[in-house]
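Chemist: okay, sequence plus prediction incoming.
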Amino acid sequence: MKQQGVPSSYKILPYYYIHVLDCNANITRVIIGPQTFIRQDHEQVTSGKDPLRMITIPKRHYCVIENPIVKGKDGLPTKDKYGYNIQLNYLLRQFQVLHGEREIRFHEQYQQPFPLYPKEVLIEQPTKLTIVREGSALKIEALRNFKDNEGKEMYLIHNIFFFPQSLRIAGEQYLFVGPATYYPRIEEKVLGQINAVTIKDNQALRLTALQELVDSGNVQRKTGEEWLMRQPGQYLPRVYEQIVQIVDAEILNDRRALQLRAVQGFEDVYGMLFHLNFKGVQRKAGEEYLITSTRSTSHIVDVDEEVIGIVNLTILAPNQYCVIANPFDEETQKNKLGALVLVQGPRSFFLKPNEYLLNGTQDSYILSEDQALLLKAKEKFTSVTKKVNDKGQEIDETIDYEPGNKWMIYGPCIYTPPIEVEVLEHRRKIALDKNEGIYVRDTKTGQVRTVFGQSYMLQSHEELWSMELPENVEKQLIKQSFQASSAVREKFKVVSYRAPFNTAVQVYNYKTKTSRIAFGPDLVTLQPDEVFTQLSLSGQTPKVPGIVNTLHVMMGPEFSTDSITVETSDHAVLRLLLAYNWYFRVNKTNQEEASKIFAVKDFIGDLCNQMASKVRAAVASASFDLFHKTSARLIRKAIFGETEDGKIRKEFFIEKNYLVITNVDIKNVEPVDAQTRANLQRTVSLAIEISTQKQQAQATHQANQYEQEAEGELEQLKLQDELKAEEAKQKLLQMQNKSEEVKQQGVAVAEAEAQVKGEQIKALAELELSKLRSESSKIEKEAHLNQRIKKQELSIQYEQAKVELEILKQKSLSEIESKKFEQMVESLGQETLIAIANAGPELQAELLKGLGLQGYIFTDGNNPINLLNTANGLIPQH
């Protein structure tokens, strides 16, 4: 049966092949080139239209074949026993195939290209073998039970691979360690590559066991156990070892230590040799300890310990101290919980575990002569101090203090407080000026006193007392001291207030229930039981209570302005702006009389209210026209009153606070009603217009009178001026004649004198010019001569220097040549020179001897040689 479109012949090139299926026997065979294959009718090419190229495996490569054929002991493919071709009368047997298996083929086995037999499939193209470098390994898992070479490279004998046998179980993992070339197997699966980790100095590798194993130190490890690899160098983790991290060492020095805590019981790396066996220090779980530079300059934290922190060196200077809480006892190797230890400098140490500094490092108290310390005993305490007795000997004085006792230590000295003593306060003498003071309270009696004008040191039973003042008083004091509003007064200092000139200040004593008045200018100070009297006065216009807060009262004379509203009898409402002049009339030497000043707290408001009531009553009884004409008299009469003879009094005296009003000024009168204000303005405008016209007529009349008088005086002055002008004209003509005469004489004289002086100057100039020319010529010739002399001197010097340099050069060259010759002679030696001198004649003699000649001569033929009598020397004579 012919197949349409399928060629009947195939040209198979070398290293190509095809698969041919015998349809009768249902067996496929391989046809390998070079040849021409004629396809029979019952045959079918199953490999494709074109022949297939054979598979070539380069050196150090491999490929993977699925469903490989079975090979015999001779290495040739094996066939089964079935199949017979009746037409050709020969048996056709099919190749035996390992179905579902795979085969890895290497260059060493298949150096020549090979075809794929039926059922064989190339599942992995030729691939380069994996080279495992030094410090690396391949992590491999066994896919089935087999025997391998334990990671050693296979070797080939008679084209057969041999491996040192070792049984591998399916699922087992192991390493193929380099340097080596890895030949893959179908029984193995490469999980990945592991590289060695470099462990540097002061580093360790933290490892964990994925299952039970024996580590590189032959130590049995359990699953999940962690340990450190401390040995520097490259470390390749084993197959069931996992790297957790690289642990860097903590660097320790003289100022740095490491505090650690044991997570569980273990034996550390610091220990001693016992009977040739190293034994570390046993650490219990939860134990804390300190590693310092005396043990090691670096520490790698073990897996069974954790870092609590870095402990820095505590350094105490000569005048420093510290208190250590929970000190460590070297004998019992435990902390004394609750105990305290005082450590004084100079000293340096590390704090042990559970120790801490109470209040840190502290400076000892350096006390000068004006300083002291207030001390308090926290527990029973015995103090030993030095004391000089009556004989001038220094003895120890012992003083016992009970808990709560207080005492003072005075300078100059350096004091370090013991543990039993608490420093309550660092005191110094308070320097006080003549007008400065402080409040001092005795803690035993509670009495407060003031100290003025001295340098004062508080005693052990004394303390500074703070004077509390109302907020308004504080503001007044800060305002007077020109400080910021946020400034805080030193409350233990005596409160002082500078009373201004012509003022009064009242101070009240709560203890004696009395008051005193101080008149300014004066400095008012408060005793502990005293307080300033605050005044809250009315202010603004019209007056509003509580505007002005002050501690002093102006004695006057002063004035206060107030605005009041009044109504006339004909119901005209007016607003008056009044100013009252006042002062206090008191005897400053009489305290009882002076205290009357402060009898009325708001005397300004009281004054304005009284005056306003008097003015309203007076204006209410008068009409608007009457008030407009006699407002000043009406108001003054209402305020001051009248005498018996009808005259207005000059002042008004308020007896309750001795305030005297001396004058009232009406600054402004303004109607409140708009219509009244317009009528008033119209009336005032008309009055002003009439007055203006009258004044204008008077001014015009007076101006005309002044004008006529001025014209008469002007005519008289004109006549007098013309007369004086004629007289001045005559004098001018006379003077002009005289000046012309003098001018002509002066011109003639000046021309003659100028001519004479010109001739003289010209002669002198020519003489001076001739002198300058001669000097110039002389200077020029001297300069030319000097230049030639200098030039000749320089030329001579140059020639001399040149000759000297040439001599020095020749001398140096001769010395160099002589030294060179001497060095050559010395380096060659006497025997060598003799040998060189004899070498030429000896060579000539040898040459002549070899040639059988007794003499010779060389010439180039260009120069003639006189050969007369030459032969006499060359030809031997017998």
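Modeler: Great, that's in hand.
Chemist: for the closest residue in space to residue 569 that isn't next to it in sequence, what are phi and psi?
Modeler: Distance criterion C-beta to C-beta, 6 or more residues apart in numbering; nearest residue to residue 569, sequence neighbours excluded, is residue 623 at 5.3 Å. All C-beta spots, glycine's among them, are computed from the backbone N, C-alpha and C. In terms of degrees, to the nearest 10, the main-chain angles of residue 623 are phi -80, psi 170.
Chemist: residue 623 touches residue 568, doesn't it?
Modeler: Yes: using C-beta atoms under 8 Å, residue 623 makes contact with residue 568 at a distance of 5.7 Å.
Chemist: list residues touching both of these two?
Modeler: Between them, residue 623 and residue 568 share no contacting residue under C-beta atoms under 8 Å, 6 or more residues apart in numbering.
Chemist: endpoints of stretch 95-114, how far apart?
Modeler: 15 Å (C-alpha to C-alpha, to the nearest Å).
Chemist: is the most centrally placed residue in the chain in a bridge, and if so with what?
Modeler: Closest to where the C-alpha atoms of the chain average out (C-alpha atoms, centre = their mean) is residue 312, at 24.4 Å. On the basis of DSSP bridges, residue 312 is bridged to residue 256.
Chemist: tell me how far it lies from residue 323.
Modeler: 18 Å (C-beta to C-beta, to the nearest Å).
Chemist: where does pLDDT dip in the stretch 451-600 of the chain?
Modeler: Applying pLDDT under 70 to the stretch 451-600 of the chain flags the ranges 482-486.
Chemist: and the strands in it, which stretches?
Modeler: With DSSP state E, counting those that start in this stretch as the criterion, the stretch 451-600 of the chain has strands at 462-464, 496-499, 503-509, 514-519, 522-525, 530-532, 535-539, 544-550, 552-554, 558-567, 573-584.
Chemist: tell me the secondary structure at residue 608.
Modeler: Counting by DSSP: H, G, I helix; E, B strand; the rest coil, the backbone at residue 608 sits in helix.
Chemist: now residue 207, nearest residue through space, not along the chain?
Modeler: Once flanking residues are discounted, residue 207 sits nearest to residue 241: 5.0 Å by C-beta to C-beta, 6+ apart.
Chemist: give me every residue that touches the closest residue to residue 598 other than its chain neighbours.
Modeler: Excluding the flanking residues, the one nearest residue 598 by C-beta to C-beta, 6+ apart is residue 506, at 4.8 Å. Taking C-beta under 8 Å, 6+ apart as the criterion, residue 506 is in contact with 515, 516, 517, 518, 532, 533, 595, 597, 598.
Chemist: turn the strands of the stretch 451-600 of the chain into JSON lines, including distance to residue 41.
Modeler: Below are the strands of the stretch 451-600 of the chain laid out as JSON lines (distance: least, C-beta to C-beta, whole Å):
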{"stretch": "strand 462-464", "distance to residue 41": "134"}
{"stretch": "strand 496-499", "distance to residue 41": "141"}
{"stretch": "strand 503-509", "distance to residue 41": "147"}
{"stretch": "strand 514-519", "distance to residue 41": "150"}
{"stretch": "strand 522-525", "distance to residue 41": "145"}
{"stretch": "strand 530-532", "distance to residue 41": "142"}
{"stretch": "strand 535-539", "distance to residue 41": "139"}
{"stretch": "strand 544-550", "distance to residue 41": "136"}
{"stretch": "strand 552-554", "distance to residue 41": "145"}
{"stretch": "strand 558-567", "distance to residue 41": "144"}
{"stretch": "strand 573-584", "distance to residue 41": "145"}
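Chemist: which stretches of the stretch 301-450 of the chain have low pLDDT?
Modeler: For the stretch 301-450 of the chain, the ranges with pLDDT under 70 are 388.
Chemist: dihedrals phi and psi, residue 706?
Modeler: Torsion angles, degrees, to the nearest 10, at residue 706: phi -70, psi -30.
Chemist: what number of residues lie near it?
Modeler: By other C-beta atoms under 10 Å, 9 other residues sit near residue 706.
Chemist: just to revisit the earlier point, what separation do you get for the residue nearest to residue 598 and residue 533?
Modeler: Taken as C-beta to C-beta, the span from residue 506 to residue 533 is 4 Å.
Chemist: now do residue 612
Modeler: 27 Å.
Chemist: do residue 444 as well
Modeler: 33 Å.
Chemist: more crowded one of those two?
Modeler: residue 533 (18 against 8).
Chemist: for residue 243, what are its contacts?
Modeler: 197, 205, 206, 207, 237.
Chemist: in TSV: these, plus neighbour count, distance to residue 787 and secondary structure.
Modeler: Below are these laid out as TSV (neighbours: other C-beta atoms under 10 Å; distance: C-beta to C-beta, whole Å; DSSP: H, G, I helix; E, B strand; the rest coil):
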residue	neighbour count	distance to residue 787	secondary structure
197	17	91	strand
205	20	93	strand
206	18	96	strand
207	24	99	strand
237	20	98	coil
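Chemist: alright, that wraps it up for me.
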